[in-house]
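A.B. asks: Take this sequence and fold it.
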Amino acid sequence: MAGITLYNEQPLAATCVPNLFIDEYMTRANGDYVKIYLYLLRSINLLDCSFSLSRIADHFDCTERDILRALKYWEKKKLFRLEYEEGGSLSGICFLNDAHDDISAENDSPKDLADRFIAASRKREPDPDRMKEFTKQEDIRELIFITEQYLGRTLNQTDLSTIFSWYDELHFPEELIEFLIETCVSGGHTSLRYMQRVAEDYAAKGITSVEQARDYAGSSSALAHAVMKAFGIRGRNLVPSETDYIETWSARYAFSTEMISEACARTMNTIHEASFSYANSILERWYRAGIRTMEDVKKADEAHRASTRKTRHSQTIQAASRFANFQQRENDYEEIQNQLIRKSFQ
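C.D. replies: Numbers count the residues shown, from 1 in each chain. Got it, this is the predicted structure:
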């Protein structure tokens, strides 16, 4: 099996386990998955960190399928980005900078970055007096009541602090907070952590009103529907890791719905399963090659076919040349026969 390149977006000079991994991910993960993550974290700091699935499987005395399951688990948790070759073979594993966001900062403005990570970067506890004043407001008390009805449970102090941060730090009006919660719950997402990510996304896009949020949800919903249709996904909602991929394709790469659907269709034709990471490898390759439209895709496909035909033609000529230059042995069969007869009488 071909070697896999392991590389890093983290500025680590030693084997250092992020606190976020220990606090949030390690305790919930399968023990074998944790071992593999730590092994890769150690390997990233070696001068030669190329390896194969068979090599790491031998190291842990397990199967390559076990290793792939672990890698895909961490990819879903947004700690890795897996990259694939055209034929579907794993070719790269990239440690991501942030566990909650796979979007590179290379095309983001400082304001975009500040908006995108504003909630995640602020770790200070809310002011108790302001928090108390906030929860005493009649409209906020009504919002808390509605939220508890949506979630089917009583909000704890952490929940209230999260909602308060949308109001106090992101400056969302009460009606936008209510719309955010309602939208998430109706989509099957009742986790406050998921809602926090949606709030950060709103802030990054400058959404400050229900009208803006509704327009954004409409456009995002249409794209998500197109992706689900191309992948044949029915009977469930997309999970956060999947919607993150869609966000990358539309926001960072600025691909049209047609281009994204085409990548999903090619994924199904090649590996016969709905793999967001594989579709991402196609779109990432197009993005790096400057392919932006379906016309560009057609030209790239034709160039690939022409290159393939040229290679095959060259191989055919080489094979014919080897056959033409083959020197047939000239044997004296009569002499051979006489030698055999003499040996039989000895």
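A.B. asks: buried sites along the helix or strand that contains residue 295?
C.D. replies: Per DSSP states H and E, residue 295 falls inside helix 294-324. By neighbour count with 16 or more other C-beta atoms under 10 Å, helix 294-324 contains the buried residues residue 297. Yep, even glycine has a C-beta here, placed from its N, CA and C like the rest.
A.B. asks: Give the other helices and strands that that helix contacts.
C.D. replies: Applying 3 or more C-beta pairs under 8 Å, 6 or more residues apart in numbering; DSSP states H and E, one finds that helix 294-324 makes contact with helix 257-271, helix 276-289.
A.B. asks: Can you spell out which helices and strands pack onto the first one?
C.D. replies: The helices and strands touching helix 257-271, judged by 3+ C-beta pairs under 8 Å, 6+ apart, are helix 210-231, helix 276-289, helix 294-324.
A.B. asks: Relative to residue 19, which of the helices and strands packed on helix 294-324 is closest?
C.D. replies: helix 276-289 (26.2 Å; C-beta to C-beta).
A.B. asks: Quick one: mean pLDDT over that closest one.
C.D. replies: For helix 276-289, the mean pLDDT works out to 93.
A.B. asks: Next: stretch 224-236.
C.D. replies: 89.
A.B. asks: Could you list the residues in contact with that stretch?
C.D. replies: 238, 243, 246, 257, 260, 261, 264, 265, 267, 268, 274 (C-beta atoms under 8 Å, 6 or more residues apart in numbering).
A.B. asks: Just the buried ones from the residues you listed?
C.D. replies: Looks like the contacts of stretch 224-236 have 238, 243, 246, 257, 260, 261, 264, 267, 268, 274 buried, using 16+ other C-beta under 10 Å.
A.B. asks: how far away is the residue nearest to the fourth one when sequence neighbours are not counted from residue 285?
C.D. replies: Spelled out, it's residue 257. Leaving aside its chain neighbours, residue 257 sits nearest to residue 226 (5.0 Å; criterion: C-beta to C-beta, 6 or more residues apart in numbering). Taking C-beta to C-beta, to the nearest Å as the measure, residue 226 falls 20 Å from residue 285.
A.B. asks: Cool, thanks, talk later.
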